[in-house]
Every structure is written in C-alpha cells, then in structure tokens.
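Asker: Sequence and computational prediction follow.
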Amino acid sequence: MALIITGAIILRVIPQWNNVFVDGQVWFRGVDAWWHMRLADNMAYNFPYPQYWDWYALYPTGVKVGFNPLMSWIISSVGVAGFNYEVFGALLSPIAGGLTLIPVFLIGKELFSKRVGFLACILVAVLPTEFLHRSLLGFADHHALETLLMTTTILFLILMVKRHRMVYAILSGVTLGLYLLNWAGGHFLIAIVLVWFIVQILYFRLKDLPENNFCRDMLIVFLISFFVYLPYMRFINAPLAHYATFFMAIIMPIWMWNRGNKQATLMSLFVPMTIAFIVLYLTDYHRMIIHQLRAVFHGGATTIAEASPSDMATMLNTSGITFFLFVSGIICYFREKNKSWLFILWAIILMAATFGQRRWGYYFVVPMSLLASYFTFHIVNLKWIKVSNRTFATIIIVAFTLMSSIRGTMIVSNLPNNLTSDWYNTLTWVRENTPEPHWEYQGDYYSLKIYDRPHYGILSWWDYGHWITRIAQRPPLSSPAFQDQVEGPRFFCSKTEEEAMQEIRSVHDVRYIIMSADMVGGKYYALQDKAGKDTDLLDSVALKLWRNELETFKLIRQEGEVRLYERIYPPKEVDDD
C-alpha cells in the first residue's frame, strides 16, 4: 500500500511540477482553485473565521461565498503555523488523492479480498478519470478531499453494518459531517445514505433478519453529521434543501425504530412518504427538488465542460476496459448472498450521476475500480481455469485493462496549466499599474448596516473571473462564483458599440476589459450561448474590440494572446468659476 500510495502521489506531482511552480510563484490549476486560495488568504489573517461575502468576486454587488470552510481551514492552518501555505495548497489534492487509496483498499478487503483491494487501488490511482485530473498538483479545489471523505464514510458505514459496533457509526457521522463542511452540495451523499437506509430496513424485515440496532446507529450517524455541519449551514446557498434532507434523515430512523413486522414496516414507509409527497406538491417545493436532481444528474446543453453529459466515448476514453468489467462485476455481485446494499446503491447512483455530468467521475472511479477488480478475480477463479494458470490469467487481464487506459493517463498527468504566462503577466501588470479601487461606504454606522464595495470593475469572460480576483486583485464583472451574469456576454455579442455600452450601463463603471484570443475563437460560441444572441463573430463588438476599432475602449497593453483595454471617458466640462 505504501508503494501504491507513493506512486499515485508521484504520478500527480512530478509531471506537473514545472507547470505549477513557476519562477518562485505558485500557479494553481483551473479557476476555482484561485478562489479557494483567496479564501485561504482571508482565513490566514482572520483564523479560524471563514469569509462569507466577497466584494472582489463579482462587480459591483459582491457575492456570497459558495465554498464551505473545511479546505480553507486545512490550508490556512499551515500558514498560521508559519509555513508556506500556497505550496501546501498545491500539494493538498495529490496528498488527498493518495490517501483515498486507503479506504478503497479497506472496502475491497472487507467486501471481497485483499487482492481485490490492491488491484482497485492501482486502478483508482492510474485511470485517466476526473479523479486523476482533479488530484493533480496545483488543483487546490475541494474534489479530491471530497472523494477521500465520501469513500471513508462509505467504509465506516459498511463496517457498522457488518461488525455491529457503535464506534463505526460515530466515525461515519464525523466523516460525513466533514464531507458536508468540505462541499456545499454535500446533501447529495446524505440522500444516497437515506435511500440505502430505507432499502436496508426493507431487506432486514422482509427477510426476517436481525437488525442489531441498525436504526439507532443510523440516527447517531445523521445526528453527529448534522451537529458538525449545523454552525455553517445557514451560510450556504441552498440551506432549505439541506435542512429538508437532514429532517428526513433524522426522522426516518426514529420513525422506523421497533416497527417489527413486514406489514407495519411497509405501512410506516408508505404513510410518511405519501404525506411528504402531498406537502411538497402543494407547497411547490417539488420544483426545488427537481432542480436539485437536475443539478446532479443532468448537465444538459451547457458550455461548462465538466457539467456536460458523459457518452460511451467519454466513458471509454477515461475508463477503458475497466467500465465493462465494472458492469459485469455489479451484475455478478448482485447475485451474491451476503452483498452490501449500500455499496450496490452507491455504485449505481454514481454511475447514473457520471453519465449525467462527467464531473462525477472523480467519485465513480472508486466503486467502478472495486467492482472491476472483483470481477477480474471472479473470472480467474472459475473452474475452467486451472489453478496453476490463474496467476497468469490475472496478469493478462490486468495488463489489458491498464493498456487500454495508459495513453489517457499520460495525457492527463501531463496536461498543461490553463493559466499561461500571457495571462499571469497581464494580470500582474493590472495589479501593479492600475488604480486600486477605492471604497464607497453606505449605510448607518449605528445600525451596523455599513457595507463597502469597489467602485470599478473589469470585464472578461466568466472563466477568468477568479484569476482577476486573486492575481490582479480587482473585481471582475463576471465570475464562476456567480454563473448568471449576462451583461458581459451581451456586450461582446452586440452588433454596435452603442448597443454594447447600453448592455453594461446597469453595472456602473466598467473601466478595463481583458480579452484573450479564444474569446474571438473557440469560446465565442459560449459567449453567444450565455448572451442569448446569435450575432456572427464577424459582426460582433468582440471582434471590433479585438481589432481596437472601438471609440470607448482602447488597447493599452498586449502580452501574447492576451490584450488589455481601458475605457476612454469623454472630457469633463470645466467650470470657470
């Protein structure tokens, strides 16, 4: 295990070293990582208090912080201890990716065998899935830590059911609570566990099997996770969904406690579900639930690559033969007598979620690898394969499994950093050479309603908002912190300069615009989609601006494929008096 974990971390660190540590600076991967590090910056000065509103994340209103505080605590605590927390932030995801292999092995060992656990760890470590991508050096985002905490929670729940010890209920409650503190959408796992609770109760009682305090243990799990998360639940963007999920999760074990016979169990499930359905429908909350389900299971038509659906080509590119072994494995495991319903439901739900949005591949790789490994050893243990040939057969299957994915693994582990020197140098120049936004104070001091905000913003495509926030230390007009800003894309997709200026008039003072070549190239379709305009590129203000043909904005700096424009204001009238 030590060798496998070390190899997994090396795979994620060494190929990316020069992409992340550049000229004494840390260039984080992606865009969300930069906002995570900004939150860590803030917490390092205000430890241990997290930031809940960021005026520099979105101009002119600011925006509620959508990231939960666990990762900020971990990273900033290193800074508080006197170490370089930026370097640690870059290393955190590879470390979490390597540590995830420990609960993967233990699940494999508990449900199947040590051999299955070892092979599953190798597959999780090297398959070119979203998990490999999001646990690369510099990817200071919450996804690798998410996967570690989810997998550990599932491990403790499996041990709780198999070994009937309360300590595992307590541990799973703690890790579930930490998972919720790490990701604002954590009620996704609560919902999976709640579905499993209902299925497990039905299985116990319809089969007349002993429950061994199952309801008590599940109540402990949900209560501990709830109280770990409760102090921060009011700060998230969708608190109602979380409260509703927790309410169901805590009520159900209490409601089902000591409902001994089959008829009572079925009636006990039927009554609250019927009442819940009626209440949700009459109060219109069912629309919120449908929205939440769509947010997880269906990316649909989107310009966000990670939220787009997975087709079979995507699945094969990321998983290769492993996916087919997984499908065979789950069919085979379903026929086992002592199967884990939690593991089956977890695998099926994550597979459905991954087909809906490819981002969930960083979760799905764990059950997929475990069941693929299980099926591999199931095949070689069949009677028609001689005992003396089983080791050789295993090597052949494993070799073909890895060979189908090795090219993708090399591509993912060597991906270039999407932050280029053109962008970094431009944003650094902006920070050092443009006026720092002064602050406007509004409100009554005595009523504690004072708030402040920067008085000008920078326009670019929303992907680059977090870079502008942390590197340039200026507020962007559009940012991944808030995806519904349309003024910027409508500006770029306007046909005339007058129309374009009208689009951004409602957002006060847009003083600078930063454009990159892809905004008049491969990303222009995304601008059209967000703007709701079908303006041809050749007729667009985006191309006119790129050619420096506007009267309102003029090119003041060019660094490779990145250009910076400044707004030219009309001269003010001079009062002779």
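Answerer: In hand now; what should we look at?

Asker: Per the annotation, how does the chain divide into domains?
Answerer: Taking automatic domain parsing as the reference, the chain has its domains at 2-30+84-413, 421-567.

Asker: Any chance of a markdown table for those, columns distance to Val65 and mean pLDDT?
Answerer: C-beta here means a position set from N, CA and C on the backbone, and glycine is covered the same way. As requested, the domains of the chain are arranged in a markdown table below (distance: least, C-beta to C-beta, whole Å; pLDDT from 0 to 100):
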| stretch | distance to Val65 | mean pLDDT |
| --- | --- | --- |
| domain 2-30+84-413 | 8 | 87 |
| domain 421-567 | 8 | 85 |
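
Asker: Mean neighbour count for the ones you listed - can I get that in a markdown table?
Answerer: A markdown table is the format used below for the domains of the chain (neighbours: other C-beta atoms under 10 Å):
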| stretch | mean neighbour count |
| --- | --- |
| domain 2-30+84-413 | 19 |
| domain 421-567 | 18 |
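
Asker: I'd like the ones you listed as CSV, with distance to Ser76 appended.
Answerer: What follows is these, written out as CSV (distance: least, C-beta to C-beta, whole Å):
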stretch, distance to Ser76
domain 2-30+84-413, 6
domain 421-567, 14
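
Asker: most centrally placed residue in the chain?
Answerer: Residue closest to the average C-alpha location in the chain (C-alpha atoms, centre = their mean): His143, at 4.9 Å.

Asker: do you know how far the closest residue to it other than its chain neighbours is from Pro94?
Answerer: Closest residue to His143 in three dimensions, ignoring its sequence neighbours and counting by C-beta to C-beta, 6 or more residues apart in numbering: Arg134, at 4.1 Å. When C-beta to C-beta, to the nearest Å is applied, the distance between Arg134 and Pro94 equals 10 Å.

Asker: Need the overlap of contacts for those two.
Answerer: When contacts are counted by C-beta atoms under 8 Å, 6 or more residues apart in numbering, the set common to Arg134 and Pro94 consists of Ala144.

Asker: Assign Arg205 to helix, strand or coil.
Answerer: Put simply, Arg205 is helix when judged by DSSP: H, G, I helix; E, B strand; the rest coil.

Asker: Report the spatially nearest residue to it, omitting neighbours in sequence.
Answerer: In space, Arg205 is closest to Thr265, 4.5 Å off (C-beta to C-beta, 6+ apart).

Asker: for Lys162, same thing?
Answerer: Spatial nearest neighbour of Lys162, excluding adjacent residues (C-beta to C-beta, 6+ apart): Glu110 at 6.7 Å.

Asker: now for the helix or strand hosting that neighbour, which elements pack on it?
Answerer: Element membership of Glu110 [criterion: DSSP states H and E] is helix 101-111. Counting by 3 or more C-beta pairs under 8 Å, 6 or more residues apart in numbering; DSSP states H and E, the packing neighbours recorded for helix 101-111 are helix 2-13, helix 114-126, helix 143-163, helix 361-380.

Asker: how about 10 Å then?
Answerer: Contacts defined by 3 or more C-beta pairs under 10 Å, 6 or more residues apart in numbering; DSSP states H and E place helix 101-111 against helix 2-13, helix 114-126, helix 143-163, helix 341-356, helix 361-380.

Asker: list the contacts for the residue nearest to His143?
Answerer: Contacts were defined as C-beta atoms under 10 Å, 6 or more residues apart in numbering; by that measure Arg134 touches 12, 29-30, 33, 93, 96-97, 141-147, 306, 359, 361-362.

Asker: Could you do Leu527 as well?
Answerer: By C-beta under 10 Å, 6+ apart, the residues touching Leu527 are 303, 461-462, 488-493, 519-520, 533, 535, 537, 540, 542.

Asker: change it to 8 Å
Answerer: The contact partners of Leu527, by C-beta under 8 Å, 6+ apart, come to 461, 489, 492-493, 519, 542.

Asker: doesn't Gly361 make contact with the residue nearest to the centre of the chain?
Answerer: No. Here His143 lies out of contact with Gly361, judged by C-beta atoms under 8 Å, at a distance of 10.1 Å.

Asker: Which parts of the stretch 401-550 of the chain are helices?
Answerer: Listed in chain order, the helices of the stretch 401-550 of the chain (DSSP state H, counting those that start in this stretch) span residues 406-413, 421-433, 465-467, 487-492, 497-503, 524-531, 541-546.

Asker: who does the shortest one touch, helix- and strand-wise?
Answerer: Helices and strands touching helix 465-467, by 3+ C-beta pairs under 8 Å, 6+ apart, are helix 32-46.

Asker: thinking again about what came up before, what's the closest of the domains of the chain to Lys64?
Answerer: Of all the domains of the chain, it is domain 2-30+84-413 that lies closest to Lys64, at 6.4 Å by C-beta to C-beta.

Asker: and the end-to-end length of that closest one?
Answerer: The first and final residues of domain 2-30+84-413 sit 21 Å from each other (C-alpha to C-alpha, to the nearest Å).

Asker: How far off centre is it?
Answerer: 13 Å (C-alpha atoms, centre = their mean, to the nearest Å).

Asker: For the closest residue to Pro94 other than its chain neighbours, give its distance to Glu146.
Answerer: Distance criterion C-beta to C-beta, 6+ apart; nearest residue to Pro94, sequence neighbours excluded, is Arg12 at 3.9 Å. For Arg12, the distance to Glu146 under the criterion C-beta to C-beta works out to 16 Å.

Asker: any chance of the helices of the stretch 401-550 of the chain in a markdown table, with distance to Tyr49 too?
Answerer: Rendered in a markdown table, the data for these read as follows (distance: least, C-beta to C-beta, whole Å):
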| stretch | distance to Tyr49 |
| --- | --- |
| helix 406-413 | 37 |
| helix 421-433 | 26 |
| helix 465-467 | 21 |
| helix 487-492 | 32 |
| helix 497-503 | 38 |
| helix 524-531 | 35 |
| helix 541-546 | 41 |
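
Asker: picking that back up, what sits against the residue nearest to Pro94?
Answerer: Under the criterion of C-beta under 8 Å, 6+ apart, the contact list for Arg12 reads 93-94, 97-98, 132, 135-137, 413.

Asker: 6 Å instead?
Answerer: Arg12 sits next to 94, 97, 135-137 when contact means C-beta atoms under 6 Å, 6 or more residues apart in numbering.

Asker: What of Phe47?
Answerer: For Phe47, the set of contacting residues under the criterion of C-beta under 6 Å, 6+ apart consists of 76, 80.

Asker: change the start of the numbering to 182 and stick with it
Answerer: Okay, using 182 as the starting number, the last item reads as Phe228.

Asker: Look up how far Ser258 lies from it.
Answerer: Taken as C-beta to C-beta, the span from Phe228 to Ser258 is 7 Å.

Asker: now do Ile512
Answerer: With the distance defined as C-beta to C-beta, Ile512 ends up 46 Å from Ser258.

Asker: go on, Asn394?
Answerer: When distance is defined by C-beta to C-beta, Asn394 is 37 Å away from Ser258.

Asker: Check which helix or strand Leu506 maps to.
Answerer: Mapping Leu506 onto the secondary structure by DSSP H and E places it in helix 502-515.

Asker: What lies in contact with that helix?
Answerer: By C-beta under 6 Å, 6+ apart, the surrounding residues in contact with helix 502-515 are 304, 496, 520, 528, 549, 552-553, 555-556, 559, 582, 585.

Asker: just stretch 211-220 next, same as before
Answerer: Stretch 211-220 has contacts (C-beta under 6 Å, 6+ apart) with 209, 232, 253, 270, 320-322, 644, 647-648, 651, 661.

Asker: now these in TSV, with distance to Tyr705?
Answerer: Rendered in TSV, the data for those read as follows (distance: C-beta to C-beta, whole Å):
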residue	distance to Tyr705
Phe209	26
Gln232	34
Ser253	35
Gly270	33
Phe320	27
Ala321	29
Asp322	27
Asp644	13
His647	21
Trp648	19
Arg651	26
Pro661	19
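
Asker: If anything else comes up later, I'll come back, but that's it for now.
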